[in-house]
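1. I'd like to go over a predicted model; first the sequence, then the structure.
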Amino acid sequence: MELAPLLLASIVGFSHAFEADHLVAVSTIVTKRNNILLALKDGIYWGLGHTSTILLVGCIFIVGKWMIQEDSFRYLEAMVGAMLIILGASRLYKLSNEKTQFMTYEHHGHTHKLAYGVGLVHGLAGSGTLILSVLTTIKGVLSSLLYLVIFGIGSIGGMMLAAGIFSIPFSEKLFRNKLIYTSMIIISSLFCIGLGTFIMYENLR
């Protein structure tokens, strides 16, 4: 079993969580939180969703020994772009319709399904390049799958940290400042829509 790539897997997974599309998505998700613990859980659920898809696709291609073409995943990347646009637009729409938001915010449900679902889509889009990298650097089915697991653990840690950092502007103190709170939501949502549009253009042109 090759130890060097496995030791690097958690570092690669951790840094992978800080890619632009991941950060923009999680920043939009945590605008619904004014509790850092809930934001950290969002990051964990994003990482779990991301890892679930990568392991599923990895089992299909690594265990089943299917051939994979990296170019075929560009449509999945475009799907991530569409998801980012929907996330941003949805957050802006909800902001414009939540007239009593500052009175009822803390009573919103604490479900983490959205974070998990976003992680699933990100994992599906990013699995092609990752699995190609694993297949070319690691020999053996067990070692390859172990790499994906360690990579996934690293990505969970990275996204948990990212979610915690991005939730700071929405902490309870700043949450009470309507101007700051609203501005942060608008900025994160517009970044989400802008990056999503760019990703779709790059992968569908």
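-> Looks like it arrived, so ask away.
2. and the closest residue to residue 63 other than its chain neighbours, how many neighbours does it have?
-> Take residue 63 and drop its neighbours on the chain: the residue closest to it by C-beta to C-beta, 6 or more residues apart in numbering is residue 141, 5.8 Å away. Yep, even glycine has a C-beta here, placed from its N, CA and C like the rest. A count of nearby residues for residue 141, using other C-beta atoms under 10 Å, gives 13.
3. wait, isn't residue 141 in contact with residue 59?
-> No - here residue 141 lies out of contact with residue 59, judged by C-beta atoms under 8 Å, at a distance of 9.3 Å.
4. Residues that sit against both of the two, list them.
-> Counting by C-beta atoms under 8 Å, 6 or more residues apart in numbering, no residue touches both residue 141 and residue 59.
5. After the helix or strand of the chain with the lowest mean pLDDT, which helix or strand is next?
-> Lowest by mean pLDDT, DSSP states H and E among the helices and strands of the chain is helix 101-104, with a mean of 45. Using DSSP states H and E, the helix or strand that directly follows helix 101-104 along the chain is helix 113-137.
6. Any idea how far that following helix is from the middle of the chain?
-> Distance of helix 113-137 from its chain centroid, counting by C-alpha atoms, centre = their mean, to the nearest Å, is 10 Å.
7. Give the buried residues for that helix.
-> Buried residues in helix 113-137, counting neighbours by 16 or more other C-beta atoms under 10 Å, are found at 114-116, 118-128, 130-131, 134-135.
8. any idea of the angle the following helix or strand past it forms with helix 113-137?
-> Next helix or strand after helix 113-137 toward the C-terminus (DSSP H and E): helix 141-167. Relative orientation of helix 141-167 versus helix 113-137 (axes from the mean of the first three to the mean of the last three C-alpha atoms, to 10 degrees): 140 degrees.
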